[in-house]
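> For reference, the sequence and a predicted model appear below.
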There are 2 protein chains.
Amino acid sequence: MTTITRVDARDIRFPTSRQLDGSDAMNEAPDYSATYVILHTDQEDEGHGLSFTIGRGNDLCVAAVNALAPTLVGRKLEDITADMGTFWRELTSGDSQLRWLGPEKGVMHLASAALVNAIWDLWAKREGKPIWKLLVDMSPEQLVRCLDFRFVTDAITPEEAIALLRRKAGTKGEREAEMKAEGYPGYTTSAGWLGYSEEKMRRLCREALAEGWQHFKQKVGGDIEEDRRRAAILREEIGEQRTLMMDANQMWDVDETIVNMRRLAEFNPHWIEEPTSPDDILGHAEIRRRLRGGLEGGIGVATGEHCHNRVMFKQLLQAGAIDFCQLDAARLGGLNEVIIVVLLAAKYGVPICPHGGGVGLCEYTQHISLFDYIAVSGSLEGRLLEYVDHLHEHFVDPVRIRQGRYLVPEAPGYSITMKPESLEMHRYPEGAAWQDA
Amino acid sequence: MTTITRVDARDIRFPTSRQLDGSDAMNEAPDYSATYVILHTDQEDEGHGLSFTIGRGNDLCVAAVNALAPTLVGRKLEDITADMGTFWRELTSGDSQLRWLGPEKGVMHLASAALVNAIWDLWAKREGKPIWKLLVDMSPEQLVRCLDFRFVTDAITPEEAIALLRRKAGTKGEREAEMKAEGYPGYTTSAGWLGYSEEKMRRLCREALAEGWQHFKQKVGGDIEEDRRRAAILREEIGEQRTLMMDANQMWDVDETIVNMRRLAEFNPHWIEEPTSPDDILGHAEIRRRLRGGLEGGIGVATGEHCHNRVMFKQLLQAGAIDFCQLDAARLGGLNEVIIVVLLAAKYGVPICPHGGGVGLCEYTQHISLFDYIAVSGSLEGRLLEYVDHLHEHFVDPVRIRQGRYLVPEAPGYSITMKPESLEMHRYPEGAAWQDA
């Protein structure tokens, strides 16, 4: 048995705004940050988890983790994992006074995610498996017992989820072997940040092409002429055959999106990501209809990195609002809720293209996409895993990329454990990285 | 000119859980609380505002207010009110690092609301008018300049809003006089809390009838037989002619709602409030369709107290999901966003029945409903303002009720200023109210 003895929540920040890494039309100068959680236990293993923020306010998420922590301290891992669905509901809704602050959204839900993912990391470490393998090896019944279907039974029931998982169960071994041999396909956002000069964009593009990348993403949502100029540069560099996605980071209203995307259509964007408010399910549906998403010659609609819970994703799918489901590993309430969204997406036939970048998001999402392919959808069609070349050096078991594909992680856990010296250096505000600021 | 010199944010809590006041199926034992803001100025007036929470986590909202406060300190009230729409966007989205934690939802948005409402309170005090009167006296153009239409222009544009306000402008004086003579109609939730005994329910019902109340609300969502038993008691007390609403506080999934409301239909509920997740726009639309909301013999659907921003309300209205719009004065980002929702509701022909109760919500909402009637909708049809008989004694200018109607507030401001001794006594955790706990 493994007892959780202490929850250690840390405010970790990287001064990325100095280089304009991660700059887009909405987020001009982020300092990529992590609300970082360590679950100490009475055994050798620790559980690590984090939620990603972009700087100020990370302290609020740390305080929220501390508000939720009493639910975990003194609990046995084995009791939690024996009925993880019930545990998840208890953590996210069991304290109704805290639930009032959401429910299941914003600061509280980000905090829940860090804790939930730390539990999964601990579980996988105790089992000696990477998370994707822990999930893939579960029976459909075991997996479904980890989930809380509250508020989604009108779209998927536990019985349907089991049936859906059984569909692909017999051929899991083949896909696992394929992934180990070939890796999972990715796309890169590294060249397309809004704050980068033309020279830097061109250089990063050429480097990415040399590394074997086939799929590229550009930030838009600034001045439309400037967006067009940058799209032209990117198309010049990558050619007409490779994929170019565009990401507006919520800058537009519905009609504005249509006007702007008609001006950008000549660059043949594969999708428009976050065109408008992440809460606007019906707005995305309208945009998709008018841009002919999913149809020959149309522009697909993608969103999800700010989609805060399974109820919102359920509706995006029910409304036919998206062509690509960009779930976030820690905006949703951790892996339990992510799995429900993966199942919902499979049921509605929408590919998942998880949100990467930030701090540790690529480390998380490789497990999710592998799980989707091997155990749920059995398909790579329309699926690409975002890659951003930032901050991986701080992780003990960072993502490994070869020729534009993610190699399968092998170390036990959720790949989210950061190096002790990185944690120390980037503690906010005491760490050395902030002392010289 | 009035310069804001300091933002004072306080953690104020009332130990209401001791009496099970405010108990419902989701929120068993709330300690009604306020994230209380005082804007100090270089003039005599202060601006007061609060957001309502139910206990634990109120400290997070206070911390969020402090994170946002630098946007206000040193600013001149007159500069803010000259272009309040721009100010509102700056406060809620201007710091993109903080915006990431929402956007426009959860802890951050609750904090924004307290600050925004404090600005309005200060403005109204400087003008020597109660808020409703400040709004009613504005020209359509002035009022619309206070609003940020981002993400709602597909449903209402500034031009449409002006046209809508002009429609009723000529007859504002008549309705103002009517309200001063007769007050605004309310309903009471005081007898229907889940934690109350039968004896207490009957006693509170009889007291409410003696006071002239015609409309009553019951909490449901516990055991369905128990809900039926309590509905029967309430109907016995209030008779068949008076209105009975039911409130499930998000306890059910879509199908469960239908099953349960069919068992409660014999008690002729006027509406079912918060049947399911507040994020589930399409779920509410489906429930309304199946319960025949809006049709003869059907049950209406109401929600809104947890509806976190104008984008969500826009969709509830677009989807035909609600019969009653229960906006919350501080769950939305303060009065600016409330006004947009009032305009949207008027455009879609849905009556507003704002969320009352908690700490100070009735004090706030009387201004909103008066504004709606006098300047926007010109109608009382389907409109009832919630009243809960808790904690009004702590306010300097509390609501006044006569024969089940709200009397028009007359003192300058937003009626939300609490007595200094109440603030002192209920400071958490140092206040005397918590020392004897």
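Sure thing, it's come through.
> Get me the contact residues on the stretch 51-200 of chain A for chain B.
Selection of the stretch 51-200 of chain A residues close to chain B by C-beta under 8 Å from any C-beta of the partner chain yields A:53-57, A:59-61, A:63-64, A:67, A:95-110, A:150-154. Quick note: C-beta positions are derived from backbone N, CA and C, even for glycine.
> Report the contact partners of residue A:351.
Residues near residue A:351 by C-beta atoms under 8 Å, 6 or more residues apart in numbering or on different chains: A:323-325, A:345, A:377, A:379, A:381-383.
> ok, so what distance separates it from residue A:345?
7 Å (C-beta to C-beta, to the nearest Å).
> Common neighbours of these two, please.
In contact with both residue A:351 and residue A:345: A:325, A:377, using C-beta under 8 Å, 6+ apart.
> Roughly how far does residue A:106 sit from residue A:30?
Distance of residue A:106 to residue A:30, computed by C-beta to C-beta: 18 Å.
> higher neighbour count, the two?
More crowded of residue A:106 and residue A:30, by other C-beta atoms under 10 Å in any protein chain shown: residue A:106, with 28 against 24.
> Selection in PyMOL covering whichever of the contacts of residue A:351 are buried, please.
In PyMOL syntax, the buried subset of the contacts of residue A:351 is picked out as below (16 or more other C-beta atoms under 10 Å in any protein chain shown):
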select buried, chain A and resi 323+324+325+345+377+382+383
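> Which of the contacts of residue A:351 fall in helices?
residue A:345 (DSSP state H).
> can you give me the strands for the stretch 151-300 of chain A?
According to DSSP state E, counting those that start in this stretch, the stretch 151-300 of chain A carries its strands in the segments A:184-188, A:215-219, A:243-247, A:271-273, A:300-303.
> Now those strands in JSON lines, please, with extra columns for mean neighbour count and mean pLDDT.
Shown next, in JSON lines, are these (neighbours: other C-beta atoms under 10 Å in any protein chain shown; pLDDT from 0 to 100):
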{"stretch": "strand A:184-188", "mean neighbour count": "22", "mean pLDDT": "97"}
{"stretch": "strand A:215-219", "mean neighbour count": "25", "mean pLDDT": "95"}
{"stretch": "strand A:243-247", "mean neighbour count": "23", "mean pLDDT": "97"}
{"stretch": "strand A:271-273", "mean neighbour count": "28", "mean pLDDT": "98"}
{"stretch": "strand A:300-303", "mean neighbour count": "28", "mean pLDDT": "98"}
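> ok, now which ones touch residue A:252?
Taking C-beta under 8 Å, 6+ apart as the contact definition, residue A:252 lies against A:221, A:260, A:275-276.
> Please list which of those residues also come close to chain B.
Among the contacts of residue A:252, the ones lying near chain B by C-beta under 8 Å from any C-beta are residue A:276.
> I'd guess residue A:12 is in a helix, am I close?
No: assignment of residue A:12 by DSSP: H, G, I helix; E, B strand; the rest coil gives strand, placing it outside any helix.
> what residues are up against it?
Contact analysis of residue A:12 by C-beta under 8 Å, 6+ apart lists A:33-36, A:50, A:58, A:359, A:418, A:423, A:426-428.
> buried subset of these?
A:33-36, A:50, A:58, A:359, A:418, A:423, A:426-428.
> Please look at residue A:205 and residue A:239 and confirm they touch.
No: using C-beta atoms under 8 Å, residue A:205 is not in contact with residue A:239; the gap is 10.5 Å.
> Of these two, which one has the most company?
For the pair residue A:205 and residue A:239, the greater number of neighbours falls to residue A:205 (21 against 10), based on other C-beta under 10 Å.
> Show me which of the contacts of residue A:12 is closest to residue B:243.
residue A:35 (46.4 Å; C-beta to C-beta).
> Now do the same contact list for the residue nearest to the closest one when sequence neighbours are not counted.
Of all residues not flanking residue A:35 in the chain, residue A:61 sits nearest, at 3.9 Å (C-beta to C-beta, 6 or more residues apart in numbering or on different chains). Contact analysis of residue A:61 by C-beta under 8 Å, 6+ apart lists A:35, A:51, A:53, A:107, A:110-111, A:114, B:101.
> got it, and residue A:341?
A:310, A:313, A:325, A:327, A:332, A:352.
> Keep only those of the residues you listed that are in helices.
A:310, A:313.
> quick one: which of the contacts of residue A:341 is nearest to chain B?
residue A:310 (9.3 Å; C-beta to the nearest C-beta).
> Count residues in the vicinity of the residue nearest to residue A:394 when sequence neighbours are not counted, would you?
Setting aside the residues directly before and after it, residue A:394 is nearest to residue A:422 in space (C-beta to C-beta, 6+ apart), at 3.8 Å. Residue A:422 has 18 neighbouring residues, counting by other C-beta under 10 Å.
> May I ask which helix or strand encompasses residue A:422?
Element membership for residue A:422 (DSSP states H and E) is helix A:420-426.
> quick revisit: how about a markdown table for the contacts of residue A:351, with pLDDT and distance to chain B added?
Formatted as a markdown table, these follow (pLDDT from 0 to 100; distance: C-beta to the nearest C-beta, whole Å):
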| residue | pLDDT | distance to chain B |
| --- | --- | --- |
| A:323 | 98 | 19 |
| A:324 | 98 | 20 |
| A:325 | 98 | 16 |
| A:345 | 98 | 16 |
| A:377 | 98 | 23 |
| A:379 | 98 | 26 |
| A:381 | 98 | 26 |
| A:382 | 97 | 24 |
| A:383 | 98 | 26 |
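> ok, and what's touching stretch A:410-422?
A:12, A:34, A:36, A:46, A:48-50, A:117, A:120-122, A:124-125, A:127-131, A:335, A:360, A:363-364, A:366-367, A:393-399, A:409.
> Please spell out the ChimeraX selection for the buried subset of those.
The following ChimeraX line selects those of the contacts of stretch A:410-422 that are buried, judged by 16+ other C-beta under 10 Å:
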select /A:12,34,36,46,48,49,50,117,120,121,122,124,125,129,130,131,335,360,363,364,366,367,394,395,397,398,399,409
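> Tell me the one of the contacts of residue A:61 nearest residue A:16?
Nearest to residue A:16, judged by C-beta to C-beta, of those is residue A:53 at 12.0 Å.
> I figured the closest one hits residue A:113, correct?
No: shown here, residue A:53 and residue A:113 do not form a contact pair, counting by C-beta under 8 Å, at 11.1 Å.
> Now do the contacts for the closest residue to chain B within the stretch 1-150 of chain A.
Distance from chain B to each residue of the stretch 1-150 of chain A (C-beta to the nearest C-beta) is smallest for residue A:106, at 1.7 Å. Applying C-beta under 8 Å, 6+ apart, one finds that residue A:106 lies in contact with A:308, B:101-102, B:105-109.
> longest helix anywhere in chain A?
Determined from DSSP H, the single longest helix within chain A is helix A:106-127.
> Using PDB, write out every CA atom in it.
Extracted in PDB, the C-alpha atoms of helix A:106-127 (Å, rounded to 0.1, in the frame of the first residue of the first chain):
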ATOM      1  CA  GLY A 106     -11.100  28.300 -14.200                       C
ATOM      2  CA  VAL A 107      -8.500  28.400 -11.400                       C
ATOM      3  CA  MET A 108     -10.100  25.500  -9.400                       C
ATOM      4  CA  HIS A 109     -10.300  23.100 -12.400                       C
ATOM      5  CA  LEU A 110      -6.700  23.900 -13.400                       C
ATOM      6  CA  ALA A 111      -5.700  23.000  -9.800                       C
ATOM      7  CA  SER A 112      -7.700  19.800  -9.900                       C
ATOM      8  CA  ALA A 113      -5.900  18.800 -13.100                       C
ATOM      9  CA  ALA A 114      -2.500  19.100 -11.500                       C
ATOM     10  CA  LEU A 115      -3.500  16.900  -8.600                       C
ATOM     11  CA  VAL A 116      -5.400  14.300 -10.700                       C
ATOM     12  CA  ASN A 117      -2.500  14.000 -13.100                       C
ATOM     13  CA  ALA A 118      -0.100  13.600 -10.200                       C
ATOM     14  CA  ILE A 119      -2.200  10.600  -8.900                       C
ATOM     15  CA  TRP A 120      -2.000   9.000 -12.400                       C
ATOM     16  CA  ASP A 121       1.800   9.600 -12.500                       C
ATOM     17  CA  LEU A 122       2.200   7.900  -9.100                       C
ATOM     18  CA  TRP A 123       0.000   5.000 -10.100                       C
ATOM     19  CA  ALA A 124       1.900   4.500 -13.400                       C
ATOM     20  CA  LYS A 125       5.200   4.600 -11.500                       C
ATOM     21  CA  ARG A 126       4.000   2.100  -9.000                       C
ATOM     22  CA  GLU A 127       2.900  -0.100 -11.900                       C
END
